[in-house]
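Undergrad: Compute the structure for the input listed below.
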Amino acid sequence: MMRHRGVISATRIGTHGPATLDTSSKVKTLPDVFTVACIVLTLCLLGTSYHFYRWLPEPVAPSSSNQFSAARARRHMEDLVSLGVRNVGSQANEIHAKNLLIQKVRAIQATASKELEVELSVQATSGGYYLDFLGGMTHIYHNVSNVIVKVSKRASSSEHAFLINAHYDSSLGAVSASDDAVSCGTMLEALQILTSEPVPMVPEHDIIFLFNGAEETVLQASHGFVTQHPWAKRVKAIYAKVAPYPYGSVVAEDLFQSGLIPSDTDFRIFRDFGHLPGIDTAYYSNGYVYHTEYDIPSAIPDACIQRAGDNLVALVKGVANSPFLAHPGDYKHGKVVFFDFLGLFMVVYPERVGLILNTAVVLVSLCYLYVEVRWSRFSYMLIGAGLVVTLLSWLAAVCVTLVTALGLSLIGRSMSWFSRPHLLLPLYIGPALLAMASIHHCWQLKRAHVSHLMLEKASFLGTLVMWTVLLAVFTALRVPSAFVCVLWVLPPLLSRLLLWEVAQHRLLPPHLAFVLSTVVGVAIPSMLLLQLDAGMAEIFIPITGRSGTVLPPEIPIGLLCVVALFITVPYVTTSVVHMSSHWIRKVGGALIVGGYVLTIGLVAMGMMFPYSGRPDPHPKRLFLQHTDHTLHHLNTSVSHKQSDVFVIAFDYLELDILAEAAPLYRQAREVECQGAYCGLPYYFPVLHFFKRHWHILAPSPLPTEVQLPLLKLSSMVTLPTQSRNLTFDAEFPVRVSMCLAPRHGNRLVSWSLEKFIPLMSSANGVGDCYFVFYARGFGEGKFSFWLELKGREGSNRAGEEAVEIAIFSHHLEPPQSRTPFLEELLRVLPDWVTPISWTTHHASWLF
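TA: From the prediction side, this is the model:
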């Protein structure tokens, strides 16, 4: 390569023979001031994005009668939370909470406009279904409750309705302010201001407010509503939980539906069993308190409630009067692509429009690359080299991240970032950035005869090719999140093209044109995707505290950091590396290495404890179940009895870190797998989340006043198909997990609990069984069911059991949920542990 008076030229190798490449640019490397300016401008963009991410509206004064008021919604929430833990089947949930909601709705009816009809319906519903959630389970529910309000214009002839849903029951051991008492309060306040004088809303279509009383038992009450209530037939769209302040992304929806987030909402029931479209929203910030004792009203700012309420009211007014509710038109079929722009407005378009847009962007990118090669005489080989180097830099970032993650896991220092997310910057983001920069720097040294500008442009084009290929692949797979790739193809391409064109006409100095082309090109995608990164971090970091003990959390969190780096600043990194001076690179590298070494040293010495208690809780989650085991033989005689406390530590660090602080937990021993579902009293089928299971032998059994499950074989008939039909009469307590495990070559071919045979729940083939979850709101727990079992030829020998049925009855309310030994175990826990405890009776029968 030759340099002539600042004009860069190079020999091009291609099909048309040697030619010269003249960029007509005086940019060789950036002066330090321009490099710093590029970095500072990028950081300012990211800071602006984070400001919009954190911004919340000012709460409206409670004296304002025609606007949503967070203060009034908070009073509704606090009234509900004051009832305490509201488990399905408890008096707090089935009597007090339901009556409170009925009382509040009747007060709203009394002040409603004469132009409106506000109807109240209280539903007690029973049914069953299978849900492929967690390990998969079949549900049976009896007499769970719904409080339902329908708002309509008097003498309305509309056959269409818009549904808003939230649940008033709570999770185990928590008053559940954010999940979901706050949404109930928001709905009550919205119902009040939408129906009251002086400015009521008179909707063209009906509005249904559903307060469901059994969501934490995995969506049972919503199933009862959508499959059995007469108003459900009117619903054309739903809004699960509660837009002048829009915030949302189809990326979150894709992640949620992928199963990476171990949670689910009523929206799934409305979608799968009611075939309804809708919007699913939730409070996700500060997920450390989710389903813990810390989920209290004071943890929810008024501004959050105001934002949710304003969005809800605006949405109701818009949808209830929209012609699209009756005639959806272009939005009737398929998915939609949606994302917000800094919380200012929402971008929404149908999936098929996205397919056209994505394809067009791919073609534009290919045309741009062709022009660069054909007219600018830029070598295909150099673009290919830029692509390879970019891919290698990403691979290096992943490898560095995995080395750190595995190293910390092996020395037992995982989750140092759990209560200090900022540690992810020196632990993972900085080293990954340095690894990427090092690969580009090595390429620069190897191609010293090529100008820095040429290498930067090759890296830019290589990165553009990579995002274009990803866009084409995601579009072919019909992944709605492909819009992320569009953001990293179109804006950088247009910015580089237009601003360099300006520079060539000498309207801007070359250095300034380069900085602007880099920063302007990444401005929109970086600002949008930083908010996505922040949201994913706020979701996934707390989830590691309840994601089980199988996968070291350092790996997914480290990779999340790398992905965030890839999708936030992919072009700026290469531009700064290739165009900055050696001094800038040395200082940046030294800062990253120094921060990494210091942080690793502090973590390795145990100075970064993962958990914290009040006032800013980042707790370790612990379940304690005092369990009596009673095993019945073929003749129903008791063959074994034992009492122990089953201990579930929900994160990767298990009990080792707890045993140091609470010596009593050193008595914990690993449980051996025996019987259906290994004889482990899990509330839900989450056996596969844990690599080991722990118990502490208890000195005394449960109190005798605990209601025990009863199971009786009422008949056994051999069918012409040589299968056997076993009919059972059962009487269950309020909440039961039941496991059916065929034995000795028998298999389940039919049963009365579902129209099909689901997959068995297990953990790598251990403890296989059909998991059934039973819950009831009120009434007796008597019911019958039958199983049809068929064995291999000669397998049904006399005296040989065909099936084991294990029943785990869970007692969540005091005094049945308390024992002296449980109290002792709770008393010795440090304040950085948030425990939930109850008693369980495990009864197992062989038939």
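
Undergrad: what does stretch 479-498 rub up against?
TA: Stretch 479-498 is touched from outside by 250-251, 253-254, 335-337, 339, 351, 354, 357-358, 361-362, 364-365, 368, 460, 464, 467-468, 470-471, 474-475, 516-518, 520-525, 528-529, 532, 567, 570-571, with contacts defined as Cβ atoms under 8 Å, 6 or more residues apart in numbering. Where you see a C-beta, it was placed from the backbone N, CA and C, and this is true even at glycine.

Undergrad: from those residues, which ones fall inside strands?
TA: Among these, the residues falling in strands (DSSP state E) are 336, 337, 339.

Undergrad: With neighbour count, pLDDT and distance to residue 723 as added columns, please give the residues you listed in CSV.
TA: Compiled in CSV, these are given as follows (neighbours: other Cβ atoms under 10 Å; pLDDT from 0 to 100; distance: Cβ to Cβ, whole Å):
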residue, neighbour count, pLDDT, distance to residue 723
336, 17, 84, 48
337, 25, 89, 50
339, 23, 90, 53
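
Undergrad: so what's the closest residue to residue 149 other than its chain neighbours scoring on pLDDT?
TA: Leaving aside its sequence neighbours, residue 149 sits nearest to residue 209 (Cβ to Cβ, 6 or more residues apart in numbering; 4.3 Å). Residue 209 is assigned 96 on the pLDDT scale.

Undergrad: Return the distance of residue 209 relative to residue 192.
TA: Between residue 209 and residue 192 the computed distance is 11 Å (Cβ to Cβ, to the nearest Å).

Undergrad: List the buried residues of stretch 548-567.
TA: 548-549, 552-567 (16 or more other Cβ atoms under 10 Å).

Undergrad: In CSV: the ones in strands among the contacts of stretch 479-498, plus distance to residue 102.
TA: Listed next are these as CSV, based on distance: Cβ to Cβ, whole Å:
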residue, distance to residue 102
336, 37
337, 41
339, 40
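
Undergrad: ok, so of these, who is nearest residue 610?
TA: Nearest to residue 610 among the ones in strands among the contacts of stretch 479-498 is residue 339, at 33.0 Å by Cβ to Cβ.

Undergrad: Can you name the residues bridging to that closest one?
TA: Partner residues in beta bridges with residue 339, using DSSP bridges, are residue 249, residue 347.

Undergrad: Beyond the helix or strand of the chain with the lowest mean pLDDT, next helix or strand please.
TA: Least confident helix or strand, the chain: strand 7-9 with a mean of 31, by mean pLDDT, DSSP states H and E. Next helix or strand after strand 7-9 toward the C-terminus (DSSP states H and E): helix 32-54.

Undergrad: and the residue lying closest to residue 201 once chain neighbours are set aside, helix, strand or coil?
TA: The shortest distance from residue 201 to any residue other than its chain neighbours is 4.8 Å, reached at residue 194 (Cβ to Cβ, 6+ apart). Secondary structure for residue 194, judged by DSSP: H, G, I helix; E, B strand; the rest coil, is helix.

Undergrad: Make sure the residue nearest to residue 149 is indeed in a strand.
TA: Yes. Checked against three-state DSSP, residue 209 lies within a strand.

Undergrad: what's the neighbour count on residue 248?
TA: Number of residues near residue 248 (other Cβ atoms under 10 Å) recorded here: 18.

Undergrad: Quick one: residues contacting residue 228.
TA: So, once contact is read as Cβ under 8 Å, 6+ apart, residue 228 ends up touching 123, 125, 127.

Undergrad: Buried ones only from these, please, as a PyMOL command.
TA: Burial among these is assessed by 16+ other Cβ under 10 Å; the matching PyMOL selection reads:
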select buried, resi 123+125
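
Undergrad: Filter the contacts of residue 228 down to the ones in strands?
TA: 123, 125, 127.

Undergrad: I'd say the last one and residue 141 touch.
TA: Yes. Under the criterion of Cβ atoms under 8 Å, residue 127 lies in contact with residue 141, with a separation of 6.2 Å.

Undergrad: for the protein, which helix is longest?
TA: When the chain is parsed with DSSP state H, its longest helix is helix 510-543.

Undergrad: Buried ones in that one, by neighbour count?
TA: Using 16+ other Cβ under 10 Å as the test for burial, helix 510-543 gives 510-511, 513-543.

Undergrad: From the chain's centroid, how far away is it?
TA: Here the centre of helix 510-543 is set off from its chain's centre by 22 Å, with Cα atoms, centre = their mean, to the nearest Å.

Undergrad: helices or strands up against that helix?
TA: helix 32-54, helix 250-258, helix 483-487, helix 490-504, helix 554-568, helix 570-579 (3 or more Cβ pairs under 8 Å, 6 or more residues apart in numbering; DSSP states H and E).

Undergrad: what angle do it and helix 554-568 make?
TA: Orientation check (axes from the mean of the first three to the mean of the last three Cα atoms, to 10 degrees): helix 510-543 against helix 554-568 gives 150 degrees.

Undergrad: Show me which of residue 209 and residue 192 is the more surrounded one.
TA: Between residue 209 and residue 192, counting by other Cβ under 10 Å, residue 209 is the more crowded of the two (26 against 21).

Undergrad: for residue 42, what are its contacts?
TA: 519, 522, 526, 569, 572.

Undergrad: out of the residues you listed, which one sits closest to residue 833?
TA: Nearest to residue 833 among the contacts of residue 42: residue 569, at 38.4 Å, using Cβ to Cβ.

Undergrad: which residue is nearest the centroid of this structure?
TA: Nearest residue to the geometric centre of the chain (Cα atoms, centre = their mean): residue 261, 3.7 Å.

Undergrad: For residue 547, see how far away that one is.
TA: 10 Å.

Undergrad: Residue 433 too?
TA: For residue 433, the distance to residue 547 equals 27 Å [Cβ to Cβ].

Undergrad: can you check residue 257 too?
TA: To residue 547, residue 257 is 18 Å away according to Cβ to Cβ.

Undergrad: neighbour-wise, which of these two wins?
TA: Counted by other Cβ under 10 Å, residue 257 and residue 547 do not tie: residue 547 has more neighbours, with 19 against 12.

Undergrad: mind checking the SS state of the more buried one?
TA: Reduced to three states by three-state DSSP, residue 547 is coil.

Undergrad: now stretch 434-453: how far from the chain's centre is it?
TA: Computed by Cα atoms, centre = their mean, the chain-centroid distance of stretch 434-453 equals 39 Å.

Undergrad: please renumber so the chain begins at 33
TA: Happy to do that; since the first residue is 33 now, the last one works out to stretch 466-485.

Undergrad: on that earlier part again, got a list of what the residue nearest to residue 181 touches?
TA: Contacts of residue 241 by Cβ under 8 Å, 6+ apart are 180, 181, 182, 183, 196, 219, 223.
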